[in-house]
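**Q** With the input below, show me the fold.
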Amino acid sequence: MFLAYATDEAKHLKEIGRFGVAKNHVSAYRRFANFLECVGMNDVPFSQMTPQLLSDFEGWLRSQNICRNSSSCYLRSLSTIWHKAERDGLIKKRTSGGRVYTFENPFKGTYRGRCKTRKRAVGADSVSRVYNLDIEAVLTADSGKPAGMRLRNRIDRLELYRDLFIFSFCARGMTFVDMANLRKDEVRDGIIVYSRQKTGQRVEVRMEPIMQSVIDRHPSSSSFLFPILDDNDSKLTAYKKYRNALRQYNKSLHEIGELTGISHLTSYVARHSWATTAHENDLPVPVISQALGHNSLATTEIYLKSLEVNAIDEANHDLLNCVFGKKSVF
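**A** Modelled structure (predicted):
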């Protein structure tokens with residue numbers, strides 16, 4: 001049965017430390033289980049995993065207002081589970097007249113691609129505002145008194161994650177998962193040398209004074225560069241700590257955005273903003289691609305495509321102002 005196999009596969013992935021993939025699989029098969037329940041099924045044999053069933057599931061996701069990229073992610077995960085079961089020999093061959101046939105791929109015809117979305121980035125002036133924000137002064141301005149313990153903890157949290165945002169930008173858009181896993185011995189002779197957690201791509205970044213100041217402000221007592229993970233963490237504990245820290249990072253960036261008047265500050269804004277600034281300063285796309293640790297120029301071009309759209313929008317706005325003035329209505 002498909003769901004039973006998917007459940008066992010997710011458990012196996014957790015056992016070998018692939019927690020992120022396991023999380024995606026669990027989300028996908030739970031959605032599929034909800035769909036099966038709606039059509040009166042508790043589970044489904046592999047032999048009944050047909051293109052029609054998966055097409056119906058895709059339509060059901062749309063009816064639940066699931067966006068196309070999320071739907072695609074669920075279908076990719078389910079397809080991965082299906083093909084793993086096929087490799088494990090659980091999907092039996094059909095025979096007819098002495099000839100052997102394989103089951104038709106049930107995911108054929110479903111959308112499993114990635115829709116391009118406009119990447120959010122902020123300008124250099126916004127990054128500078130985040131950097132120069134005096135968090136303690138802003139949060140204690142109304143009371144005029146020193147911060148109590150609760151407010152002190154909030155200030156410390158916001159300062160840590162603000163500084164990590166700045167470190168990320170200075171380190172050419174280093175992702176949060178890569179910052180969390182950075183180790184002290186990966187900094188050698190003023191150069192950070194690390195492998196991206198997502199792709200394994202090797203990246204070298206020269207240490208800049210601002211980056212060193214962030215490290216100095218937030219010392220770690222372990223072999224990790226930042227105080228997020230610990231040496232004695234199991235793989236599961238490390239993953240849970242990372243996920244919790246990522247939530248705190250995004251929560252803190254949202255609060256910092258409110259304090260600075262910058263909307264949509266998230267963990268990936270520093271990365272997209274660095275790419276934006278580099279592009280606007282005429283850095284060649286191949287150089288930006290290498291700096292971001294991308295495996296292909298195509299990935300970088302997806303990042304930069306939204307910049308062209310933004311530039312066109314601004315040009316159109318200026319053109320309309322020239323023609324119609326500042327009027328916004330007839």
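**Q** In which helix or strand does His12 reside?
**A** helix 2-15 (DSSP states H and E).
**Q** for the record, mean pLDDT for that helix?
**A** Mean pLDDT, helix 2-15: 93.
**Q** ok now it, how far from the chain's centre?
**A** 23 Å (Cα atoms, centre = their mean, to the nearest Å).
**Q** Then stretch 173-183?
**A** Per Cα atoms, centre = their mean, the centroid offset for stretch 173-183 relative to its chain is 12 Å.
**Q** Can you pull out the residues in contact with it?
**A** When contacts are defined by Cβ atoms under 8 Å, 6 or more residues apart in numbering, stretch 173-183 is touched by residues 164, 167-168, 171, 192, 194, 196-198, 203, 205, 223-226, 228-229, 242, 245-246, 249, 267-268, 270-275, 291-292. Where C-beta positions appear, they are placed from N, C-alpha and C, glycine not excepted.
**Q** Can you give me the buried ones in the helix holding His12?
**A** Phe2, Leu3, Tyr5, Ala6, Thr7, Glu9, Ala10, Leu13, Lys14 (16 or more other Cβ atoms under 10 Å).
**Q** ok so, going back, could you give me the PyMOL syntax to select whichever of the contacts of stretch 173-183 are buried?
**A** Burial among these is assessed by 16+ other Cβ under 10 Å; the matching PyMOL selection reads:
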select buried, resi 164+167+168+171+192+194+196+203+205+224+225+226+228+229+242+245+246+249+267+268+270+271+272+273+274+275+291+292
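**Q** returning to that earlier point: return the member of the buried residues of helix 2-15 nearest to Gln48.
**A** Phe2 (8.5 Å; Cβ to Cβ).
**Q** pretty sure that closest one is touching Leu53, no?
**A** No. Using Cβ atoms under 8 Å, Phe2 is not in contact with Leu53, being 10.0 Å away.
**Q** Mind checking the pLDDT average for the helix or strand following the helix holding His12?
**A** Using DSSP H and E, the next helix or strand after helix 2-15 towards the C-terminus is helix 19-38. For helix 19-38, mean pLDDT is 92.
**Q** Just the buried residues of helix 19-38, please?
**A** 19, 21-26, 28-29, 31-33, 35-36.
**Q** now the helices: where do they sit in the stretch 201-330 of the chain?
**A** 209-217, 235-260, 269-280, 285-292, 297-324 (DSSP state H, counting those that start in this stretch).
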